[in-house]
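In: When you get a sec, could you give me coordinates for this:
(one chain, ligands or ions: 1)
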Amino acid sequence: MSVLKALLEPRSIAVVGASRSPGKIGYTILRNIIEYGFKGELYPVNPNATEILGYRAYPSITAIPGEVDVAVVVIPAPETPKVIEECGKKGVKIAVVISSGFSEVGNTELEERIVKIAREYGVRILGPNIFGYAYTPRNINATFGPLEVAKGNIAFITQSGALGIALMGWTIMNEIGLSGLFSIGNMADIDVVELSELLADDPSTRVITVYLEGLKPGRGREFIERMSRVTLRKPVVVIKAGVTKRGMKAVASHTGSLAGSDALYEAAFKQAGIIRARTITELFNIARAFAQQPIPRGVNTVVITNGGGAGVLATDAAELNNVPLLEPSQQLVEKFKETMPWFGSPKNPVDLTGQAVVDNYIKALKVAVESPEVDNIVILYCRTAILDPRDLAKAIAEFYRENNVSKTTVIAFIGGVEVYEAIRYLNRSSIPAYPTPEEAVAALGKMLWYKKYLESRLKKQEVEAVRLALHPA
Ligand code: COA
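Out: This is a model prediction of the structure:
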């Protein structure tokens, strides 16, 4: 077992600096670990306490009787070298160093010192300057963020604690889950590449997402080579911050990273097969498409809508995002015609008209799913008084479940509160749903880009193997 695997599957966790005072970071982390349901051994370490939150406390990590796989270190930075040394003596595999006050404030020497000590003993360091990590398959929430982390298949590696916390809330609001969440802060030792490699092997992760401020100097080539291998197994979506002059300066004082030239990063991402998102919304939008839908088998896409305008917007978005819209055969046009009123449009976009009810949608979906001409489906709905979006969402989810549909599908529902409820329902049912046609089509565009990328690097059966590994039939 690689040492890093212990981060995902620790048998035991110690919290060094577990505090007795509610409100302190060391208290919150211990409480989150307990309340999120970690099943292994848990050891609070605090020289001034004998018991915290019902767990026996130890004066130092070396005083713990059993083995310790992961030590979460939550003590002031100047005291960390001593604790890392004790972790080494104890045989701790990974030290998760929450403390701030290292290279991000110019204290490079202290950071180098803890890394040097850790290396002497074979301890790996996550951090410092992080808000912790979570791995949901093992019920680990070792963060001082919110307790709730929705379980799912998206892994998020972040150089920003705040963004990690934002994502935790977003996943719950949108009913989309995470496999893991890793704050990497200053990346003094374990970096984004190593974590991505770890997650490439993780069966619970279907897509790796990253908020990146910068890499350590001189690591560009290695980044491309190693990430290229990761992206041939799983999609990786990165949002790179610090693209403007002032943004770069902000990066230097946030994590001490080198933001570097944006053009260089752009080229590196392209070479490594990394999908670049420009906004947080886009990052999460793409991630949920990959987490919930299989990689497309082909490119021919059909749009089914009850609103002409939404169909036109989706058509534009398709062209802009390299999503080829199918030119349906006359035979297929005739079949679509039977699913709509006489004044509907059976071409692509298939416009069921504002008069459409559940039955029209399901009939049209049946035609699309059964047609060998169609590879991917975009379903659009604009709120009308004659069709409750929640009824439509339920019917679509049921249709997909009962027919075991494996054609890649994205959905956009446009409207108010009930539409939001319907979107959440669809997400819960593993069909990615968005509030606008552009977002749905853009996410599909990235999936098609990834399919093409895999095909350019792998043999046909290897692409199929990746597809199946991510979404077993
Ligand atoms: N071993 C074990 N426990 C120790 C210890 C040691 N060597 N030294 C101190 N402690 C205990 C203290 O007794 C205290 O427990 P108590 O509250 O029950 O008395 C607890 O550890 C915390 O120590 P304290 O000195 O009160 O520190 P703090 O809670 O004020 O701050 C940090 C500690 C790590 C949270 C703080 O230094 C820090 O770095 N904060 C920023 C964290 C951050 O923002 N990270 C990045 C997020 S993106």
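In: Give me the spatial nearest neighbour of the residue in the chain positioned nearest to the ligand, chain neighbours excluded.
Out: In the chain, the residue that lies nearest the ligand is residue 161 (2.5 Å; Cβ to the nearest ligand atom). To be clear about C-beta, it is placed using only N, CA and C from the backbone, and glycine gets the same treatment. Excluding its sequence neighbours, the residue lying closest to residue 161 (Cβ to Cβ, 6 or more residues apart in numbering) is residue 131, at 3.6 Å.
In: The one you found contacts residue 98, correct?
Out: Yes - when contacts are counted by Cβ atoms under 8 Å, residue 131 is listed as touching residue 98 (7.0 Å).
In: Now do the shared contacts for those two.
Out: residue 144 (Cβ atoms under 8 Å, 6 or more residues apart in numbering).
In: if we can go back for a sec, need the contact list for the residue nearest to residue 161.
Out: In this structure, residue 131 makes contact with 98, 143, 144, 145, 161, 164, 165, 183, judged by Cβ under 8 Å, 6+ apart.
In: Could you tell me how many residues sit around the third one?
Out: Right, the one you point to is residue 144. The local packing count at residue 144 equals 23, with neighbours defined by other Cβ atoms under 10 Å.
In: Quick check, it in contact with residue 96.
Out: No - in terms of Cβ under 8 Å, residue 144 does not count as a neighbour of residue 96; the distance is 11.6 Å.
In: Quickly find the element holding residue 342.
Out: Assigning secondary structure by DSSP states H and E places residue 342 outside every helix and strand.
In: Show me what from the stretch 151-300 of the chain comes close to the ligand.
Out: 161, 183 (Cβ under 6 Å from any ligand atom).
In: just the strands in the stretch 151-300 of the chain please.
Out: Ranges of strands in the stretch 151-300 of the chain, per DSSP state E, counting those that start in this stretch, are 151-158, 178-183, 207-212, 236-240, 275-277.
In: What of the stretch 351-473 of the chain?
Out: According to DSSP E, counting those that start in this stretch, the strands that the stretch 351-473 of the chain contains are 376-382, 408-414, 433-434.
In: Sheet-wise, list the partners of the last one with their directions.
Out: If I follow you right, that is strand 433-434. Taking DSSP bridges as the criterion, strand 433-434 sits next to strand 408-414 (parallel) in its sheet.
In: Help me confirm that residue 98 comes into contact with residue 29.
Out: Yes - under the contact definition of Cβ under 8 Å, residue 98 touches residue 29, with a separation of 7.1 Å.
In: which ones among the contacts of residue 131 are found in helices?
Out: Secondary structure of those is defined by DSSP state H; positions in helices are 161, 164, 165.
In: The first one touches residue 183, doesn't it?
Out: Yes - the pair residue 161 and residue 183 qualifies as a contact (Cβ under 8 Å) at a distance of 5.3 Å.
In: So for the two, which sits in the more crowded spot?
Out: More neighbours surround residue 183 than the other of residue 161 and residue 183, with 29 against 21 (other Cβ under 10 Å).
In: which ones are touching that one?
Out: By Cβ under 8 Å, 6+ apart, the residues touching residue 183 are 126, 127, 130, 131, 132, 133, 143, 158, 159, 161, 164.
In: Can you check what pLDDT the model gives the first one?
Out: If you check residue 126, the pLDDT there is 98.
In: On the three-state scheme, residue 340 is what?
Out: At residue 340 the chain is in coil, as set by DSSP: H, G, I helix; E, B strand; the rest coil.
In: Quick check: residue 23 is in a helix.
Out: No - when classified by three-state DSSP, residue 23 is found to be coil rather than part of a helix.
In: I'd like the strands of the stretch 151-300 of the chain as TSV, with mean pLDDT appended.
Out: Formatted as TSV, these follow (pLDDT from 0 to 100):
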stretch	mean pLDDT
strand 151-158	95
strand 178-183	96
strand 207-212	96
strand 236-240	95
strand 275-277	96
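In: As JSON lines, those strands with distance to residue 68 would be great.
Out: Putting the strands of the stretch 151-300 of the chain into JSON lines (distance: least, Cβ to Cβ, whole Å) gives the following:
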{"stretch": "strand 151-158", "distance to residue 68": "24"}
{"stretch": "strand 178-183", "distance to residue 68": "20"}
{"stretch": "strand 207-212", "distance to residue 68": "28"}
{"stretch": "strand 236-240", "distance to residue 68": "31"}
{"stretch": "strand 275-277", "distance to residue 68": "37"}
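In: related to what we said a few turns ago, now the ones in helices among the contacts of residue 131 in CSV, with pLDDT?
Out: Conversion of the ones in helices among the contacts of residue 131 to CSV gives the following (pLDDT from 0 to 100):
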residue, pLDDT
161, 85
164, 85
165, 85
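In: who's in contact with the residue most central in space within the chain?
Out: The residue lying closest to the centre of the chain (Cα atoms, centre = their mean) is residue 154, at 3.5 Å. With contacts defined as Cβ under 8 Å, 6+ apart, residue 154 is in contact with 171, 176, 177, 178, 179, 205, 206, 207, 209, 287, 288, 291.
In: Give me the neighbour count for the third one.
Out: Using other Cβ under 10 Å, the number of residues around residue 177 comes to 19.
In: As a quick check, tell me the outermost residue of the chain.
Out: Taking Cα atoms, centre = their mean, the residue of the chain most remote from its mean C-alpha position is residue 342, at 43.9 Å.
In: Dihedrals phi and psi, that one?
Out: As for residue 342, its main-chain torsions (degrees, to the nearest 10) stand at phi -60, psi -20.
In: any idea how far residue 356 is from the closest residue to residue 363 other than its chain neighbours?
Out: When the adjacent residues along the chain are set aside, residue 363 lies closest to residue 339, with 3.9 Å between them (Cβ to Cβ, 6+ apart). Separation of residue 339 from residue 356 (Cβ to Cβ, to the nearest Å) stands at 9 Å.
In: Between those two, point out the one with more neighbours.
Out: Relative neighbour count places residue 356 above the other of residue 339 and residue 356, with 26 against 22, counting by other Cβ under 10 Å.
In: for that one, what are its contacts?
Out: Counted by Cβ under 8 Å, 6+ apart, residue 356 has contacts 306, 340, 384, 387.
In: The last one contacts residue 357, doesn't it?
Out: Going back to what we said before, that points to residue 387. Yes - with contacts counted by Cβ under 8 Å, residue 387 reaches residue 357, the gap being 5.3 Å.
In: These two: which has the busier surroundings?
Out: More neighbours sit around residue 387 than around the other of residue 387 and residue 357, counting by other Cβ under 10 Å; the figures are 21 against 16.
In: Show the contacting residues for the more buried one.
Out: Residue 387 touches 306, 356, 357, 358, 381, counting by Cβ under 8 Å, 6+ apart.
In: residues shared between the contacts of residue 98 and residue 29?
Out: Shared contacts of residue 98 and residue 29 (Cβ under 8 Å, 6+ apart): 72, 74, 132, 144.
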